[in-house]
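K.L.:
only geometry, no sequence info:
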DNA sequence: TTGCAAAATGATTGCGCAATCATTTATGAT
DNA sequence: ATCATAAATGATTGCGCAATCATTTTGCAA
């Protein structure tokens, strides 16, 4: 037997197809009696609506498009988890696009995802191409940019200031008594560059910034890279006594390398990470990190894009971050 | 201006709509001259095909449905990465469903994803409900089960034997000279239970299995839980001199707890993890783990489901695992 | 050149649904 | 009881595309 359609359900229930459609989409517009009959017929036939037909007829899809740079980065899995939570039980489903940190790829994927028009778009970062911004504006759908913050979002935005977070973290290292602080970074996307800028500002405000205190790479971040970059940093900046890491993969890698080389943390080297990915609080010693509201960003973005209760009333939501000071910066 | 349709493109190019459709879907059926004209018109108008209309008319969607228990588990992000890689550049896109380790939820989600019929389904594990299996068989689409192995898949399967992998790993601990080996496990889903069974078999084959050597929980796995479960294990099984962990979050947590409590690894306690999630090779000491072909599972599953070249010729693919012996089991 | 198959192109139709407008039925004030 | 109004239900239509079948053009052997 072929899949039942609205007409089949209508026949079974003794009503017209459109009444079935209404009974399912807006039950309050259909009398109690018919609604019950329709419900029984739906169950009996195992009717499942055809998404494509619905989308084609109404020219509205019930997808929320989510564009993220990568799936293997834990940062984004946390954000996706938040979105998934918020969407669970709603009539919306999530369509994920992986841009691989490439704006052109983002534009290409988004173009195909915007036809038919989804119910909303959640997109990472501020660095969309002009065409992408244009497309999004023309599409006339709610758009929420995430992860970063800006006074001029395409539509709405929820995130936090990477400059400030990094500046605060660096200041924490300075306040902890470290004098020669280095920066280690991988995957130097625009947000990473902002963190570097925040670091530089804090250093400059407290003395002199030397170029050799920075060791970065554009490779994707991982634990091993933390060790590699620490090697690089200590060879070009031997007096280094603390390091601020772009993210927690690196900070964990740095800690392990210190253990290997017998460098005492926090006394000989202070370590501060970023994003507080769950492992940094567990290492021995535990690693200071910047706790960022990743799941919350996802949850809020979803709420904002579907215009749910619980959504913030302003289009710009600057979430807070906190410095989780742990043993790796607790100098005696 | 409204979105251009095939008709618009056809008018622009001076051909009929169906020719445009053919030029895009099967260019070899259209003459060189028209194809070029169509291409220009498509570019000029910025035409993007309407997925819904295409799906409705052909009754085939170009989605590959992927059902996974969770997104926050690194195991599945690796698998998804493999699928994503394999699908990149093909005409297929990926539709992800999160079951949260719940077969009923899986059935519910899958039911909605099967209408319209996708091009294929990739689904984790063997524990589908009868209704789910029925649905999948009726749908008449290629189905690839992943992560586990079985002689009787719904359609195709690619994975490895969790029993055997765990048995081999446990044997490695025995061979390394450990006498009182414990098992630590979280998120005790069916595959975890198989690992436990493999552990038990190895222990029984080499002596006597005592119940107190097992410490498990159904909570989701994380690093901290490794510490908690080690506490539990050592209190109920004080003579324990090695531990096999269900996965690498736990093994890392166990190592850190040992560092906290001054337990020497590998001399006083041997540690073996599972899945080799990237961090276990970096810790100090590095942690022995069972390296499992997660990305490869994803890649192969995608190739099998879309029937691509490079796909295995048999419907059952039992991939190998390897024991990556590291410092945490290298007793002097 | 003729004839005929194969290739190229086009016209028509329906996929399943929701928007729109039309019709019927219930409700309630007088 | 009567009428006005609202609520409930139904009939028709078109969304954009691809399947199907019809027609035209091309290639090429005899």
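P.N.:
On my side now, so go ahead. Worth saying up front: this structure is predicted, and the values here are computed from it rather than measured.

K.L.:
make it CA atoms for all contacts and neighbour counts henceforth
P.N.:
Noted.

K.L.:
Where does the closest residue to chain B within chain A fall, secondary structure wise?
P.N.:
Here chain A gets closest to chain B at one residue, residue A:52, 4.5 Å apart by Cα to the nearest Cα. Here residue A:52, judged by DSSP states H and E, is contained in helix A:51-58.

K.L.:
One more: residue A:259?
P.N.:
helix A:248-261.

K.L.:
So what are the sheet partners of the helix or strand just after that helix and their directions?
P.N.:
Per DSSP H and E, the first helix or strand lying C-terminal to helix A:248-261 is strand A:270-274. Strand A:270-274 pairs in its sheet with strand A:242-245 (parallel), strand A:288-291 (parallel), by DSSP bridges.

K.L.:
how about those in TSV, adding mean neighbour count and distance to residue B:308?
P.N.:
Formatted as TSV, the strands paired with strand A:270-274 follow (neighbours: other Cα atoms under 10 Å in any protein chain shown; distance: least, Cα to Cα, whole Å):
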stretch	mean neighbour count	distance to residue B:308
strand A:242-245	28	42
strand A:288-291	25	44
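
K.L.:
Which of those strands sits closest to residue B:122?
P.N.:
Across those, residue B:122 has its closest neighbour in strand A:288-291 (35.3 Å, Cα to Cα).

K.L.:
So which bits of the stretch 101-250 of chain A are right by chain B?
P.N.:
Residues of the stretch 101-250 of chain A lying close to chain B by Cα under 8 Å from any Cα of the partner chain are A:111-112, A:115-116, A:223-224.

K.L.:
need the contact list for the closest residue to DNA strand C within the stretch 151-300 of chain A.
P.N.:
Residue of the stretch 151-300 of chain A nearest DNA strand C, by Cα to the nearest atom of the strand: residue A:155 (24.2 Å). Residues in contact with residue A:155, defined by Cα atoms under 8 Å, 6 or more residues apart in numbering or on different chains, are A:142-145, A:315.

K.L.:
and stretch A:293-305, how far out from the chain's middle?
P.N.:
8 Å (Cα atoms, centre = their mean, to the nearest Å).

K.L.:
residues making contact with that stretch?
P.N.:
By Cα under 8 Å, 6+ apart, the surrounding residues in contact with stretch A:293-305 are A:75-76, A:78-87, A:120-122, A:142-147, A:156-159, A:309-312, A:319-321.

K.L.:
okay but residue A:37 is in contact with residue A:13, surely?
P.N.:
Yes - using Cα atoms under 8 Å, residue A:37 is in contact with residue A:13, at 5.6 Å.

K.L.:
Those two - which one has more neighbours?
P.N.:
residue A:13 (21 against 18; other Cα atoms under 10 Å in any protein chain shown).

K.L.:
still on that earlier bit, could I get the strands paired with strand A:270-274 as a markdown table with distance to residue A:9 and mean pLDDT?
P.N.:
Shown next, in a markdown table, are these (distance: least, Cα to Cα, whole Å; pLDDT from 0 to 100):
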| stretch | distance to residue A:9 | mean pLDDT |
| --- | --- | --- |
| strand A:242-245 | 60 | 98 |
| strand A:288-291 | 52 | 98 |
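
K.L.:
Quick one: closest of the ones you listed to DNA strand D.
P.N.:
Going by Cα to the nearest atom of the strand, the one of the strands paired with strand A:270-274 nearest DNA strand D is strand A:288-291, 45.9 Å.
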